[in-house]
Each structure stands twice: as C-alpha cells, then as structure tokens.
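> The following block contains a protein sequence and its predicted model.
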Amino acid sequence: MLVDAARAAIAEGAPERARAHADRMRQMLLQRVINGTGTLLHTNLGRAPNGVHQDAGFRNLELDLGTGERGSRQAHAPKLFAQLCGAESAIVVNNCASAVMLILAALADDRGVAVSRGELVEIGGGFRVPDVMEQSGATLVEVGTTNRTRAADYQRRIDDPATDIALIMQIHQSNYKITGFTEMPSTASLATLGVPLVADIGSGLLDAACPWLSDGPPPWLAEEPAAKQTLSEGAGLVAFSGDKLLGGPQAGIIAGDAELVDACARHPLARALRPGGLVLGALQELALAYLRRDGDAIPFWRMATTPIESLVARAESIVEATGIGAVADTMAVPGGGTLPTVEIPSIGITVAGDHRATLRSRPVAIMARIEEDTTVIDLRTIDPEDDVLLTAALRDI
C-alpha cells in the first residue's frame, strides 16, 4: 500500500504528496471512530456501539456439548432472545430486511400479504417494502389508505377468495410519522382476523418496561413498540434489528410461534441468511446482559440514559483543561431510522468555525456536526474514556 501511495504521488509529479496519499489510504480502512454527532444510532458509524471481543479459539457453534453430536447455531443466542421476548422460539439472520424476506418466502410464497398503505415504507439505501415483498415471492395486497386503515379493511381482503391472504403484516413507521386525521388498528384487533399476524417492529426494543434500567423506561420511548408486548397482544411473529435499540451487532431476529419460526428455519433461504459465530457470540453476551437486567453493561443504554449532570461535569472539565470552546445545551437523537421525532436533552462543547475535517484526520477520528458555522461535539454519544482523546484534539485546534 505504501508503494502504491509513492507511485501515485510520482505519477502526479509531486513525490512530496506520498504521505498524503498514504494517509488517505489509512482513512479508507475500517477503524474505530469517536461519535460526537449526538446521533446515538448513527447508520454511517455502524449504529449501536458494540464492545464484545472474542479470544482466538474454536466455539461450539454447531456442536451439542451434551451429546457430542452436531447441533444448531440457532440453539444458543436465539433461545435467550425467545426467553426475553416471551416467545416460544426464535432464530437470527443477517439483518431485519433479511428477517422480513425469510418470513415472506417461508410463509407466503405465491400468496397474498395484507399491508396498510400507510406502512409501505422505504428504509435506508432505497430499499422499499413492496420490492422486498416482490423478491420474496409473496404478493402485496394493499389495504386502507395512507392515513386511515381499520381492521375491517383487512377483513374484507381476507374474505375475498381472489386475494388468498396468507399473512397480515404490520410494519413499524420507524423513520417517519403521519399526523393529523389518522387511524391504525391495534395489534390485538388484527390478531383476531384468522390469519397469522407478523409485526416488523424494526428498532428492537425488547420490553416496554425496560427492566434492565433501574429507573424504568425513559419518556422518549413512550410510543415505541416492543417485542414482548407485541407478542402478548397476539402477533404470531415479530421481526426486529439487532443493532438499533437492542444495542448489539447487525442482525435480524425472528421470534414468536414455534411452528412459524420452524417454517422459517427450514426454508432454503435460512442458510443463505444465517449469521456467523462472531455475530451470534456478540448477541449471546448481549442477551445475557439483558437477562441479568444489567443495562450498564450495554453501551447503547449506558449513553442513552446518562444523566445531564454527568455530561455537564465532563464538558466543563474538558473546556477548562483546553481553554477552548464553550459548554452548551444540545439535543441528541436516537437515529438509525428510529423514533424520528424524538430528541434527547444532552450537553456538548461548541467551537467557533468548522473543524470537522481536522477532527476526522486524528489518529482516532472524531466526528462532530456543524451548526451556523460552529462545530458542535455532543458528549452523550462519546464514551467517557475517550474524553482524553477529545481533550488532546481540542488542544491542537
């Protein structure tokens, strides 16, 4: 790589630029960064911070240690998540889009799936629910209107033999809100219509009660659907992400009725969409933290619930040590396509001018945001252990 950098500089007729070419190559590598943007689940930064490490060595990924015979990679972390959700069974795939694709392919191939017109979402990267449904082999059956859909709208489609409805699908409006003259049926009402109900709750909140937090659920979670409650209200399956509010690595979790989960696990796509041992190991550690009700062990929940007083003390200490910037009230956001209208009170350090490029060029890059020609570094999304690196960066500025 260094030879390539030198050759590129020579080809430009500027050999002295070899170091700049090498630095640019280094920046293109996957590496740890410090997130000072105030976006807790920053999609460009890998969403939830994940600190699980594994020593080199073999794992009983597909070995039953009790019998000594071949086992299943779905027998470890997925069972723990089933317990956390109050589900009969669960499996893990690569991401939530994979989970939806597998459910549709396994349970609704060449049959209809009823979805409200108000839930035909497009997620990041241009992936649209109708497109995913088409690729799965299922047929999209639109019901209701954009702003108002009732249980009776689904029932009419189910009663029509021409539509051959295999599933009802609820899709969480995770990255937008429809307000005003609106109506949507409850999960409980849809669960009584005679066909399995699948709820894509998206963001991965396990339990609305948040028993892993000593102070209970924060107020900004008030309207967020949770896996445990969605299943208890009658959904046959829930699907959700591993790297959003769950706080783990990228993954998709399918939990619910054992027969429906088993049908998904037996489908040929399940092998193509299965995660590896690193992801499953990280999810297992995460699930165990939830089972211990140890929210402090989960980096996402630790930063999301840090008291303002702690953030103020850190900000004042950094400003005093560097002699630059000012302590400012800021608003953090969940990000990652979740809770689009929610803001979380936070504290940041502001510095006049745009210093984002300088901060990104640090040995450990620091990401900030710009507001009215002022650089804002939000401390809610920065681990306290990285304050020393932030302090050094501000001193250099």
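On my side now, so go ahead.
> The stretch 51-200 of the chain: strands as residue ranges?
89-93, 112-116, 122-123, 127-128, 139-143, 165-171, 197-202 (DSSP state E, counting those that start in this stretch).
> Kindly present these as TSV, with separate columns for distance to residue 347 and mean pLDDT.
Every C-beta, even on glycine, is put in place using the N, C-alpha and C of the backbone. Shown next, in TSV, are the strands of the stretch 51-200 of the chain (distance: least, C-beta to C-beta, whole Å; pLDDT from 0 to 100):
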stretch	distance to residue 347	mean pLDDT
strand 89-93	36	98
strand 112-116	40	94
strand 122-123	31	68
strand 127-128	35	70
strand 139-143	45	92
strand 165-171	35	95
strand 197-202	29	93
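> Distance to residue 261 and mean neighbour count added to the ones you listed, as TSV?
Below are those laid out as TSV (distance: least, C-beta to C-beta, whole Å; neighbours: other C-beta atoms under 10 Å):
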stretch	distance to residue 261	mean neighbour count
strand 89-93	4	25
strand 112-116	18	24
strand 122-123	23	14
strand 127-128	24	12
strand 139-143	23	20
strand 165-171	14	24
strand 197-202	11	26
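> Tell me which of these sits nearest to residue 374.
Residue 374 lies closest to strand 122-123 among those, at 31.8 Å (C-beta to C-beta).
> Residue 166 reaches residue 105, doesn't it?
No. Using C-beta atoms under 8 Å, residue 166 makes no contact with residue 105, being 11.3 Å away.
> got any residues that touch both of the two?
Residues touching both residue 166 and residue 105 (C-beta atoms under 8 Å, 6 or more residues apart in numbering) are residue 138.
> I'd like the strands of the stretch 51-200 of the chain as TSV, with distance to residue 263 appended.
Shown next, in TSV, are these (distance: least, C-beta to C-beta, whole Å):
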stretch	distance to residue 263
strand 89-93	11
strand 112-116	15
strand 122-123	25
strand 127-128	24
strand 139-143	18
strand 165-171	11
strand 197-202	12
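> Identify whichever of these lies nearest to residue 359.
strand 122-123 (29.4 Å).
> Relative to residue 224, how far out is the spatially most central residue of the chain?
For the chain, the residue nearest the mean C-alpha position is residue 244 (2.2 Å; C-alpha atoms, centre = their mean). Residue 244 is 10 Å from residue 224, where distance means C-beta to C-beta, to the nearest Å.
> before we move on, what about residue 166?
28 Å.
> so the residue nearest to the centre of the chain sits in a helix?
No. Applying DSSP: H, G, I helix; E, B strand; the rest coil, one finds residue 244 to be coil, outside a helix.
> Tell me where the model's unsure across the stretch 101-250 of the chain.
For the stretch 101-250 of the chain, applying pLDDT under 70 flags the ranges 123-127, 174-177.
> May I have stretch 69-76 as CSV, with CA atoms only?
Written as CSV, here are the backbone C-alpha positions of stretch 69-76 (Å, rounded to 0.1, in the frame of the first residue of the first chain):
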residue,chain,number,x,y,z
GLU,A,69,-23.3,-34.6,18.2
ARG,A,70,-24.0,-32.0,15.6
GLY,A,71,-26.1,-29.1,16.9
SER,A,72,-27.6,-25.9,15.6
ARG,A,73,-26.2,-22.4,15.6
GLN,A,74,-29.7,-21.3,16.4
ALA,A,75,-29.6,-23.1,19.7
HIS,A,76,-27.6,-20.5,21.6
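> So which bits of it are buried?
71, 73, 74, 76 (16 or more other C-beta atoms under 10 Å).
> next one: it to chain centre, how far?
Here the centre of stretch 69-76 is set off from its chain's centre by 26 Å, with C-alpha atoms, centre = their mean, to the nearest Å.
> again with stretch 230-244
With C-alpha atoms, centre = their mean, you get 14 Å for stretch 230-244.
> between the strands of the stretch 51-200 of the chain, which gets nearest to residue 292?
strand 89-93 (18.8 Å).
> can you give me the offset of the closest one from its chain's centre?
That offset, for strand 89-93, works out to 16 Å (C-alpha atoms, centre = their mean).
> Residues touching it, excluding its own?
So strand 89-93 is contacted by 74, 77-79, 81-82, 99, 102, 242, 251-258, 261-262, 264-265, 270, 273-275, 279-280, 283 (C-beta under 8 Å, 6+ apart).
> Show me just the buried residues among those residues.
For the contacts of strand 89-93, buried by 16+ other C-beta under 10 Å: 74, 77-79, 81-82, 99, 102, 242, 251-257, 261, 264-265, 270, 273-275, 279-280, 283.
> Could you tell me the per-residue confidence at the nearest residue to residue 38 once chain neighbours are set aside?
Sequence neighbours aside, residue 378 is the residue nearest to residue 38 in space, at 3.2 Å (criterion: C-beta to C-beta, 6 or more residues apart in numbering). Looking at residue 378, its pLDDT is 98.
> Quick check: phi and psi at residue 41.
phi -110, psi 80 (degrees, to the nearest 10).
> mind listing what the nearest residue to it once chain neighbours are set aside touches?
Distances taken as C-beta to C-beta, 6+ apart put residue 336 closest to residue 41, at 2.9 Å, once the chain neighbours are dropped. The neighbourhood of residue 336, defined by C-beta under 8 Å, 6+ apart, consists of 39, 40, 41, 42, 43, 47, 48, 203, 243, 244.
> Just the closest of those to residue 289, please.
Scanning those for proximity to residue 289, where the rule is C-beta to C-beta, the winner is residue 48, at 12.7 Å.
> Thank you kindly, that will do.
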